[in-house]
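Student: coordinates only, sequence not included:
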């Protein structure tokens, strides 16, 4: 039986359980991850403080956003943490359009301060509105052409 890291929030949308082996990983901060025998391989020299905060959480706050080809356009750190915690997969929302991705990404960024109380655990776009558009465009362009 598959063990899925379930999300608390689903925005009223269908959440899909996706196995880690089916997700195409992407560059995330200093991390480049791949899955081999259920172990995360990373080039990161040190762990990001947010990683440890996520390890403490029993339930996933937000589903990971994926393209229809299961490409990870956000949530790389959640994928790593879920694998390390021993899950086989994670709740995801499939984003068919850039507009849907942007809408859901903004919801997640705005909610981050409810879960990560210090800036050291937050991503700049979560507290700096001026760089949000660039981050959304960059993430979407990385996978969707």
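Tutor: Okay, I see it. All figures in this text were calculated on a predicted structure; none of them were measured in a lab. Numbers count the residues shown, from 1 in each chain.
Student: low-scoring stretches of this protein, by residue?
Tutor: The model of the chain has pLDDT under 70 over residues 25-48, 117, 143-145.
Student: just the helices in it please.
Tutor: 49-56, 76-84, 98-111, 124-127, 132-143 (DSSP state H).
Student: tell me which of those is the most buried.
Tutor: helix 76-84 (a mean of 22; mean count of other CB atoms under 10 Å). Glycine gets a C-beta too; all of them are placed from N, C-alpha and C.
Student: what angle separates that helix from helix 49-56?
Tutor: 40 degrees (axes from the mean of the first three to the mean of the last three CA atoms, to 10 degrees).
Student: ok, longest strand in the protein?
Tutor: If you go by DSSP state E, the chain has its longest strand at strand 89-94.
Student: of all the helices of the chain, which lies closest to residue 24?
Tutor: Minimum separation from residue 24 across the helices of the chain (CB to CB) falls at helix 132-143, 7.8 Å.
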